[in-house]
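# Sharing a model prediction with you, sequence too.
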Amino acid sequence: MTNQLTRYIARRLLYLVPVWLGVSLLAFSLANLAPGDPAELMLVRQTGQAPDAAAVARLREELGLNGPIALRYGRWLVNVATGDLGTSYRTGEPVLGLLAGRFPSTLQLALPALFLAVLIAIPLGAAAAVRRDSLTDHSARLVALVGASIPGFVVGYLLILLFAVTLRILPVAGSDGWRYLVLPVLTLGVGEAAALVRLTRANMLEVLGEDYVRTARAKGVGNRTVLVRHALRNALNPVITLSAVRFGRLLGGAAIVETIFARPGIGKSVVDAIQDRDYPVIQGFVLFAGTVFLLANLFVDVLYPLLDPRLRLTDVRGPGAAAS
Amino acid sequence: MSLLLAVGLATACRPEDKSSAASNAVASEVQTLTVGALEDDFGLQLNRPRLGIYPLNTGICEPLMKLSNDLQAVPHLATRAEYLGDNTYRFTLRQGVLFHDGSPLDANAIKFTLDHAIRVKTQYSFLTSSSVRVINDSTVDVQPSIPNLRVVDQLVHPLYSAIAYGSNPVTRPVCTGPFRFVEYVPQSHITVERNDAYWGPKARLERITFRFYQDENTRALALRSGQVDAIFDVNRDMIADLEATPGMKIVASAPGSTILMYISTRGAPPYTRMADSRVRRAVAMAIDRKVLVERVLGGYAALVNTVNPPSVMGKYAATVHGVPYDPDSARRLLDEAGWKLREGQVRMKGPERLQLVMIMQPGNVDRAVGEYIQAQLAAVGVAVQIDQLDPGAFSSRVNSGTFDLDVEVPSQNDSNPAFLLSLRWYSSSTIASARFMPAGARFDSLVTMALRSESRDSAQRHAAEAMQVLVHDEVAAIPLAGIFRIYAMTDKVMGFEAHPSRNNQWWNTVWLAK
């Protein structure tokens, strides 16, 4: 099993190379083909006015923006292969350092938000399924629907109004300590929980109708054991998959929450970079986000056999192959 | 969202917010003010040598000449600026001024300052490393590389603030201002403290912390929560609620900028409809600017005819007359130009519809302004397509002349009355978009005269004449409304004078009532 798993992980890591190449081409093309000139935008930021055309031309030269796009892509790719993602036009920082510097701030939000979401979603979704069509179920579904329907930024502002403006027990925005984390984590966590509640409920309902659950009950297995060991455990696979996907999304997609709560995370940096056509940061981020996403999925695939004994008995060739 | 916040702000008012009138309260000598500022731009590579100076002016550094609240250049670190002829100005420095490190302000420091400003690519003053000559300890001559008699007006910009000889403004700006640098935490805050050795009236606040909030709603909420005492650039939609909130007040400056409609008089095909001056005039006549100011902008704006703040033009601002609102004449002009209303709501010339493309940047101009213009022009049979663009796409469109109308809010941060004229429409302008917006030979000649006028009065007169050509004779631009710079603060904040230029906002007169 261990050897199989190692081979599987190695093979999946190898698959990442062509995917990375595709992502890098996409990132480079999207960034460079968007209308707008990074040199011009940098100078507008510097003076607050339309810049001198000669100054723009000089800066383009300094930034190496005048060569053919294919040549620039090739040069960038070679640098990436050596671990150099380039230098941010906006801040002058190495992109790798910039992403690494902002990553902890984003992780500080994403991890507890996901933890909170799972903490809310699994018991709530499971309870809703077990007590189907009861008040608990209707309430859980309503909460999930509302949570999924309200945009994250509205939730953020409402939480600020309640906890910071009216009750004055938490700060509005900033990053000077744990108290500043509460509202953005809640904002992100509520949205994530809403999606997970619905999925947990749906999976639990499906699993509760399976033959092996009925068999367990017929054998006199206790209700608690049936629910936790047989039903919930099997219902969790898709929830874990979705959680991993949402985690990858949280790392890159917390931009709005980071802006509202004035947190210097990756998402906000990337939005700023897109606005200013900071190509190296955009490209570096897409590559980074793609990698995180792929690794998160790999992690989930590796986790499956631990949760589902049926997967241990098959040759691990990927979740699709194993489950079939 | 604004409505939501407005309701939230209104419901969030608490009885203890009702502070008593603080106008006669006694100021404490130990006071700390926290200001909610805009996003942190000091981290940008090109702004790093301007820490605490620009774009956020924290009051640690000062220029030779200061931009007064009525946008005039007044002596500050220089007590005198005199024209010597041959494109050269002589500045006499104030005596007894010390930098924060105790070193005296002298001519070498000014040369170091201006050379530094030149190195960090400050533009439009046409200064080079050979432009600044030290005459003696207290005298400096400045000679731009090309004829530029507006250099005194330009040197009021915070970018030309004096820095101590040999100091490194990237890490620790050492200047002469009423406050001195304490710390900068990127993306979080910058803190300054009172300079007790200041040469002028000492600041009343002991310390100011400027906290960065990129989101304007968050800034307003930070004020309501008590996290900050004052905020910059209040969203117009939130003014009424903040104003009605006990313990809060709104402070507005005189008009500091103009919502301006640039017109592509020589746009790239197919953006050629505005080449016809009759169409341009009809567009100007179709817009009721009074309603725009009073209703759309909620009264926090002024009716202006100048493309820059009227005060920078002095008494000559009154000589600039815009095109009056006259929709019937607009319809006649469009008929004359061959754009006829047949069936439908939009005028046609042969198979062509009279549809104009108007570009805007969200966050720069209220969307309501664009929609108002769209409705006004529809009433005379002109269709307007609004393209909301991000900064990159926007500059790309402006620089390629691929628009008919462009609504922006250009800022004026110096006292040069010909600044915007020479930048955006002048045929000698070096910016990429100028070739798509020429305003004619007469305009060019008047701008040249304004730039070469020795006296400020003459510069203002010529600039006003050029502006009259621009907005009335040629209708190459339409000033839509003068807008105020709006601050909100708690009633405890006293002595605050809102400056029309955000970059020139000073805090040394501010104090906190008990």
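The structure has been received and is ready for your questions. Numbers count the residues shown, from 1 in each chain, chains lettered A, B, ... in the order given.

# Identify the residues contacting the residue in chain B that chain A sits nearest to.
Nearest residue of chain B to chain A: B:Gly392, at 2.2 Å (CB to the nearest CB). Placement of C-beta: from N, CA and C, glycine included. Going by CB atoms under 8 Å, 6 or more residues apart in numbering or on different chains, B:Gly392 touches A:34-38, A:41, A:275-277.

# contacting residues around B:Arg150?
B:416, B:418-419, B:450-451, B:459.

# Of these, which fall within the contact range of chain A?
Within the set of those, contact with chain A (CB under 8 Å from any CB of the partner chain) is found for no member.

# Next, give me the two most distant ones among these.
Across the contacts of B:Arg150, the longest distance by CB to CB is 10.6 Å; it joins B:Phe419 and B:Ala459.

# ok, back up a step: could you list which of the contacts of B:Arg150 belong to helices?
Among these, the members falling in helices (DSSP state H) are B:419, B:450-451, B:459.

# Please see if the helix or strand where A:Ile282 lies touches chain B.
Secondary structure assigned from DSSP states H and E places A:Ile282 in helix A:279-307. No: Helix A:279-307 does not reach chain B (CB under 8 Å from any CB); its nearest approach is 10.9 Å.

# Could you list the buried residues of that helix?
Residues of helix A:279-307 classed as buried by neighbour count (16 or more other CB atoms under 10 Å in any protein chain shown): A:279-290, A:292-294, A:296-298, A:300-301, A:304-305.

# just to revisit the earlier point, name the residues contacting each of B:Phe419 and B:Ala459.
Common neighbours of B:Phe419 and B:Ala459, using CB under 8 Å, 6+ apart, are B:150, B:153.

# Which single residue of chain A approaches chain B most closely?
Chain A approaches chain B most closely through A:Gly36 (2.2 Å), counting by CB to the nearest CB.

# Quick check, that residue in contact with B:Arg397.
No: using CB atoms under 8 Å, A:Gly36 is not in contact with B:Arg397, being 9.4 Å away.

# what touches both of these two?
Shared contacts of A:Gly36 and B:Arg397 (CB under 8 Å, 6+ apart): none.

# Name the helix or strand of chain A that has the lowest mean pLDDT.
helix A:319-323 (a mean of 40; mean pLDDT, DSSP states H and E).

# Not counting residues beside it along the chain, what's closest to B:His189?
B:Arg211 (4.7 Å; CB to CB, 6 or more residues apart in numbering or on different chains).

# which SSE is B:Leu334 in?
Per DSSP H and E: helix B:327-336 holds B:Leu334.

# count of neighbours near B:Ser428?
Neighbourhood size, B:Ser428 [other CB atoms under 10 Å in any protein chain shown]: 11.

# so it sits in a helix?
No: when classified by DSSP: H, G, I helix; E, B strand; the rest coil, B:Ser428 is found to be coil rather than part of a helix.

# and it, what pLDDT?
Turning to B:Ser428, the model gives it a pLDDT of 89.

# Equivalent analysis for B:Ala10, please.
Value for B:Ala10, per-residue pLDDT: 42.

# Would you mind naming what in the stretch 101-250 of chain A lies close to chain B?
Taking CB under 8 Å from any CB, the part of the stretch 101-250 of chain A that reaches chain B is made up of A:153-154, A:157-158, A:160-161, A:164-166, A:168, A:171-176.

# hang on, A:Gly48 packs against B:Ser411?
Yes: contact criterion CB under 8 Å: A:Gly48 and B:Ser411 qualify, at 5.7 Å.

# Now the common contact residues for these two.
Counting by CB under 8 Å, 6+ apart, the residues touching both A:Gly48 and B:Ser411 are B:Asn503.

# quick one: which of those two has more around it?
Set A:Gly48 next to B:Ser411 and count neighbours by other CB under 10 Å: B:Ser411 wins out with 19 against 15.

# what sits against that one?
Counting by CB under 8 Å, 6+ apart, B:Ser411 makes contact with A:48-49, B:256-257, B:501-503.

# Bridged to it, which residues?
When bridges are called by DSSP bridges, B:Ser411 pairs up with B:Ser257.

# Just the pLDDT at it, thanks.
Value listed for B:Ser411 in the pLDDT field: 86.

# any chance you could map the helices in the stretch 51-200 of chain A?
For the stretch 51-200 of chain A, the helices defined by DSSP state H, counting those that start in this stretch occupy A:53-63, A:69-81, A:95-130, A:135-149, A:152-159, A:179-208.

# One more: chain B?
Along chain B, counting by DSSP H, helices occupy B:2-11, B:107-119, B:151-154, B:216-225, B:236-244, B:277-286, B:289-291, B:327-336, B:367-378, B:391-400, B:419-424, B:441-451, B:456-468.

# For the nearest residue to B:Asp326 once chain neighbours are set aside, grab the count of nearby residues.
Leaving out its chain neighbours, the residue that sits closest to B:Asp326 by CB to CB, 6+ apart is B:Met285, at 4.6 Å. Residues lying near B:Met285 (other CB under 10 Å) number 24.

# ok, B:Gly59 - contacts?
By CB under 8 Å, 6+ apart, the contact set of B:Gly59 is B:177-179, B:192, B:203, B:208, B:506-508.

# I meant B:Asn305, not that one.
Neighbouring residues of B:Asn305 by CB under 8 Å, 6+ apart: B:317, B:320-322, B:467, B:471, B:479.

# B:Arg211 too?
Counting by CB under 8 Å, 6+ apart, B:Arg211 touches A:174, A:262, B:34-37, B:188-189, B:222, B:227-228.

# Look up how far B:Arg295 lies from B:Pro169.
45 Å (CB to CB, to the nearest Å).

# Neighbour count for those two, which is higher?
Neighbour count, other CB under 10 Å: between B:Pro169 and B:Arg295, B:Pro169 has more, with 23 against 12.

# Give me the neighbour count for A:Arg224.
By other CB under 10 Å, the residues close to A:Arg224 number 8.

# show me where pLDDT drops low in the stretch 51-200 of chain B?
Filtered on pLDDT under 70, the stretch 51-200 of chain B yields the residue ranges B:121-125.

# Let's see that with 90 instead.
B:116-130, B:145-148, B:159, B:166-171, B:187 (pLDDT under 90).

# For it, which segments count as strands?
All strands of the stretch 51-200 of chain B, identified by DSSP state E, counting those that start in this stretch, fall at B:65-67, B:73-75, B:78-85, B:88-93, B:132-136, B:139-142, B:179-185, B:189-194.

# can you tell me which of those strands comes nearest to B:Ser161?
B:Ser161 sits nearest to strand B:65-67 of all the strands of the stretch 51-200 of chain B, at 10.1 Å, using CB to CB.

# Please name every helix or strand in contact with that closest one.
The helices and strands touching strand B:65-67, judged by 3 or more CB pairs under 8 Å, 6 or more residues apart in numbering or on different chains; DSSP states H and E, are strand B:73-75.

# buried residues in the strand it packs on?
For strand B:73-75, a neighbour-count test (16+ other CB under 10 Å) marks B:Ala73 as buried.

# what does stretch A:206-214 give?
The neighbour-count check on stretch A:206-214 (16+ other CB under 10 Å) flags A:207-208, A:213 as buried.

# I'd say B:Leu155 and B:Pro63 touch.
Yes: if you go by CB under 8 Å, B:Leu155 and B:Pro63 touch, sitting 6.0 Å apart.

# The two: who's more crowded?
Taking other CB under 10 Å, B:Leu155 and B:Pro63 do not tie; B:Leu155 has more neighbours (29 against 24).
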